[in-house]
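1. have a look at this prediction, sequence included:
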Amino acid sequence: MLLPNFNNLDPSLIWQKPVQKDVQNSLLTLINEDIKHNPLFLIPPVITLLSVITLSFLNLLTQNSINSLSPSHDEFKALQAQLSSVNSKNSKLVSELRNTEMFLLNSIHIPVFARQLQLLVPTDVQLSEYNLTDAGISISASSYNLQALNDFIVFFSTHPLVLEKSVSITELTSSSIATGSQPSQSTSMIKSPNIYNLKLSASYRNSDPSQLMDLLLKSSNYGLYTKLQQISVQEK
Amino acid sequence: MLVPELNFLSLLRRSRALVPSNSFSDKDSQPFFVIAFSDQILYSLLIQCNNTKLSILNHIKLQIPVMTIGNEGVLSPASLSEQLKDIVEVFSHENSSDLTKNIPIILLLESSQFMISSLSFEDSHSILCGERSLTHVEEKCISDTSPYIATDSIFRLFSLYNLEGSQPDTQSQTNVLFSRKTYIESWINTIRMLSLPLAYIGPPSTPQLVYLNTINRLYTIYVDVQRLSSRICVLDPNNNLTGYPFPYGYSQFQDLSGNTFNLDLLSLRIRKALVQESLSEDIISAPIYFNGLPFSFERRSLPKNCYSSTTNFIFDQLSYKSENLSRVPLQSDHIALDIANTAFLISTRL
């Protein structure tokens, strides 16, 4: 009705406008029209599209790098598995070795003290018998010199392998070799030499294994030291 | 510095508002066969319209003898319909499509065959909106105001306002377009022989006036110029539309060589004639819009308060793109260009 139109004088000639499609139902048509009338609407999708393309491109590059490094990564994984297996075996061996070492160190008192015993005995003292067991030490010694025997007792009781409080003198006798009389009688003879017999016992001190090893090495070198002393005396 | 608005919801609403609600979508581009007759020249154009684009596909201009189309209308409908059929076939051939079946016709006739006036009667809004039809008494009252013989008179009511969105505040908004029934029927008989649907038949002035009224709200003078006569329409501040015949055409204001045209003198004559019609003196400063001038004017060379359709006084108000795909260049034929643009206006209102 807005425009005056005389075409309806013959109704058969009237042009009927084609039914317009429902633009509201077509989202794509709506967006298309909006973009044509306002190109600013293109900015968000273009930014999104560019971001997606950039991220896809970066993802492709990263994926290529990952694919190229994949064999090396698999090899590294295999090596790491082998290494962890070896490490576990090693730790198992170390624990077994430590047990063995502890066993050996705990049973080393007797040989160490057997070597140390050579250092303890003064020149004038003769060891007649010694018995070294795990339970303790029992020694029988004799000497003509009471002072030397006394030094032996002092050396013995102050030795680091010996528990000082456990030292006990079980027997101390003196006898005359010539008469074979009682000690009380032999002391009355002035010129006849007396022999003193000593029996003592002690227990081992719980020593540090490293200290035991140190003592063992020192006692081993003692033989070499005495040989060197002998050589130097002969040269003089 | 203005910060560009990036509120996309508001932009969406704004862009939706720019799309005419009754326009075609882009995919629904509609071709029209435009026939315009003026000063014994028949313009035939094939155009394609959608809401944003006008494509002029073909253009033919024919001189028609008075024996075929006279002042009383089409005197030889058979001859004219044969000529139009040939034109449609030529257009179909050149565009590789069959247009002979259902392409709608827009028929623009001489403004001198029509008369516009404004009437006041009760409840005109319901009639204009199609809610009720005119009573016999109302029809007789309107026919009595016709400048033509009552038995040969035909009229159409129209409004310069978009009735869908507003309520008329005065009764003077009802305008009437009168014409002669025999004149219109002679053209309809010709179109009937073409067997093509008719989309519009009427003067080119009313679609342009509808758009003019959206631009100006004061006294507005619209002049549809022909070669030997003109038709003046005056829109007053009360929205009354009155038509006046003007016995001068563009040929009287050309020099002998026909190269120069005295638009100052024409506009002065028009204002003088309107003052003599006892109109208000405001008419002297009212803008004059010329349509149908076959000359191109620079906007700066136009007289004060004068506008020409050749400078697109109406068409540049519309946001559409016009492209000329015709084999015959239209740049020098301003009347044909105006016809195409007017047909585009009509196509958006059908």
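-> Perfect, I can see it now.
2. wait, does the longest helix along chain A contact chain B?
-> Secondary structure of chain A read by DSSP state H shows that its longest helix is helix A:43-106. Yes: residues of helix A:43-106 contacting chain B under C-beta under 8 Å from any C-beta of the partner chain: residue A:44. For glycine as for every other residue, the C-beta is placed from the backbone atoms N, C-alpha and C.
3. elements contacting that helix?
-> helix A:209-235 (3 or more C-beta pairs under 8 Å, 6 or more residues apart in numbering or on different chains; DSSP states H and E).
4. what pLDDT does residue B:20 get?
-> Per-residue pLDDT puts residue B:20 at 41.
5. note down every partner strand of the helix or strand that contains residue A:171 and its orientation.
-> Here residue A:171, judged by DSSP states H and E, is contained in strand A:168-176. In the sheet, strand A:168-176 lines up against strand A:194-202 (antiparallel) (DSSP bridges).
6. what's the average pLDDT for the partner strand?
-> 91.
7. from the chain's centroid, how far away is it?
-> Put simply, strand A:194-202 sits 47 Å off its chain's centre (C-alpha atoms, centre = their mean, to the nearest Å).
8. try stretch A:75-93
-> Distance, centroid of stretch A:75-93 to centroid of chain: 17 Å (C-alpha atoms, centre = their mean).
9. ok, now stretch B:343-350?
-> 10 Å.
10. tell me if it is near chain A.
-> Yes: using C-beta under 8 Å from any C-beta, stretch B:343-350 reaches chain A at B:346, B:349-350.
11. restricted to helices, list these.
-> Per DSSP H, the residues of stretch B:343-350 next to chain A map to helices at B:346, B:349.
12. could you dump the residues of stretch B:343-350 next to chain A to TSV with distance to residue A:3 and neighbour count?
-> Output for the residues of stretch B:343-350 next to chain A, formatted as TSV (distance: C-beta to C-beta, whole Å; neighbours: other C-beta atoms under 10 Å in any protein chain shown):
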residue	distance to residue A:3	neighbour count
B:346	7	24
B:349	5	18
B:350	8	20
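13. what would the residues of stretch B:343-350 next to chain A look like in a markdown table with pLDDT?
-> Listed next are the residues of stretch B:343-350 next to chain A as a markdown table, based on pLDDT from 0 to 100:
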| residue | pLDDT |
| --- | --- |
| B:346 | 88 |
| B:349 | 80 |
| B:350 | 79 |
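14. from the residues of stretch B:343-350 next to chain A, pick the one nearest residue A:38.
-> Using C-beta to C-beta, the shortest approach to residue A:38 within those belongs to residue B:349, at 24.5 Å.
15. how does chain A divide up, domain by domain?
-> What automatic domain parsing lists as the domains of chain A is A:26-60, A:109-215.
16. end to end, how far does the last one reach?
-> Its first and final residues considered, domain A:109-215 spans 10 Å by C-alpha to C-alpha, to the nearest Å.
17. could you pick out the longest helix of chain B?
-> Per DSSP H, chain B has its longest helix at helix B:77-95.
18. ok, now which ones touch residue A:152?
-> A:120-122, A:125, A:141, A:143, A:198 (C-beta atoms under 8 Å, 6 or more residues apart in numbering or on different chains).
19. nearest to chain B among the residues you listed?
-> Distance to chain B across these (C-beta to the nearest C-beta) is lowest for residue A:120, with 101.5 Å.
20. so what's the residue count around the closest one?
-> Neighbourhood size, residue A:120 [other C-beta atoms under 10 Å in any protein chain shown]: 20.
21. picking that back up, can you point out the buried residues in the strand holding residue A:171?
-> A:174-176 (16 or more other C-beta atoms under 10 Å in any protein chain shown).
22. to the chain's geometric centre, what's the distance from that strand?
-> 51 Å.
23. do stretch A:163-175 as well
-> 44 Å.
24. need the contact partners of that stretch.
-> A:136, A:138, A:146, A:153, A:156-158, A:182-183, A:186-187, A:194-205.
25. give me that answer again for 10 Å
-> A:136-140, A:142-144, A:146, A:149, A:153, A:156-159, A:181-187, A:194-207 (C-beta atoms under 10 Å, 6 or more residues apart in numbering or on different chains).
26. quick one: mean pLDDT over that stretch.
-> Stretch A:163-175 shows a mean pLDDT of 90.
27. ditto for stretch A:13-31
-> 72.
28. again, but for stretch B:187-199
-> On average, stretch B:187-199 scores 91.
29. what comes up buried for that stretch?
-> For stretch B:187-199, by 16+ other C-beta under 10 Å, it's B:187-192, B:194, B:196-199.
30. farthest-apart pair in those residues, please.
-> B:189 and B:199 (17.2 Å).
31. thinking again about what came up before, reformat the residues of stretch B:343-350 next to chain A as JSON lines; add distance to residue A:211.
-> Listed next are the residues of stretch B:343-350 next to chain A as JSON lines, based on distance: C-beta to C-beta, whole Å:
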{"residue": "B:346", "distance to residue A:211": "120"}
{"residue": "B:349", "distance to residue A:211": "117"}
{"residue": "B:350", "distance to residue A:211": "117"}
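32. mind checking which helix or strand of chain A has the lowest mean pLDDT?
-> helix A:183-186 (a mean of 49; mean pLDDT, DSSP states H and E).
33. show me the shaky parts of the chain.
-> All of this refers to chain A. Filtered on pLDDT under 70, chain A yields the residue ranges A:1-2, A:20-25, A:177-192, A:219-236.
34. sorry, I should have been clearer: chain B.
-> Using pLDDT under 70, chain B drops low at B:1-28, B:121-126, B:129-131, B:161-173, B:213-217, B:258-259, B:310-314, B:316-321, B:324, B:326-332.
35. in it, which residue is most central in space?
-> Nearest to the geometric centre of chain B sits residue B:204, at 1.8 Å (C-alpha atoms, centre = their mean).
36. now do the contacts for it.
-> Counting by C-beta under 10 Å, 6+ apart, residue B:204 has contacts B:36, B:38, B:106, B:108-111, B:114, B:224, B:291-292, B:309, B:335, B:338-339, B:341-343, B:345-346.
37. and if we set it to 6 Å?
-> Each residue near residue B:204 by C-beta atoms under 6 Å, 6 or more residues apart in numbering or on different chains is listed here: B:108, B:342.
38. swap in the one 3 residues further on?
-> Residue B:207 sits next to A:3, B:342, B:345-346 when contact means C-beta under 6 Å, 6+ apart.
39. if we ignore the residues flanking it in sequence, what's nearest it?
-> Excluding the flanking residues, the one nearest residue B:207 by C-beta to C-beta, 6 or more residues apart in numbering or on different chains is residue B:345, at 4.4 Å.
40. what do you get for residue A:113?
-> residue A:161 (5.1 Å).
41. before we move on, the earlier item: pick the most buried one from the domains of chain A.
-> Highest mean neighbour count of these: domain A:109-215, a mean of 15 (counted as mean count of other C-beta atoms under 10 Å in any protein chain shown).
42. buried sites along the biggest strand by length in chain B?
-> In terms of residue count, the longest strand belonging to chain B (DSSP state E) is strand B:53-63. The neighbour-count check on strand B:53-63 (16+ other C-beta under 10 Å) flags B:54-60 as buried.
43. got it, and stretch B:95-111?
-> Those would be B:99, B:103-111, for stretch B:95-111 by 16+ other C-beta under 10 Å.
44. also near chain A: which of those residues, exactly?
-> Among these, the residues lying close to chain A (C-beta under 6 Å from any C-beta of the partner chain) are residue B:104.
45. redo the buried residues of stretch B:95-111 as JSON lines? Include secondary structure.
-> Formatted as JSON lines, the buried residues of stretch B:95-111 follow (DSSP: H, G, I helix; E, B strand; the rest coil):
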{"residue": "B:99", "secondary structure": "coil"}
{"residue": "B:103", "secondary structure": "coil"}
{"residue": "B:104", "secondary structure": "coil"}
{"residue": "B:105", "secondary structure": "strand"}
{"residue": "B:106", "secondary structure": "strand"}
{"residue": "B:107", "secondary structure": "strand"}
{"residue": "B:108", "secondary structure": "strand"}
{"residue": "B:109", "secondary structure": "coil"}
{"residue": "B:110", "secondary structure": "coil"}
{"residue": "B:111", "secondary structure": "helix"}
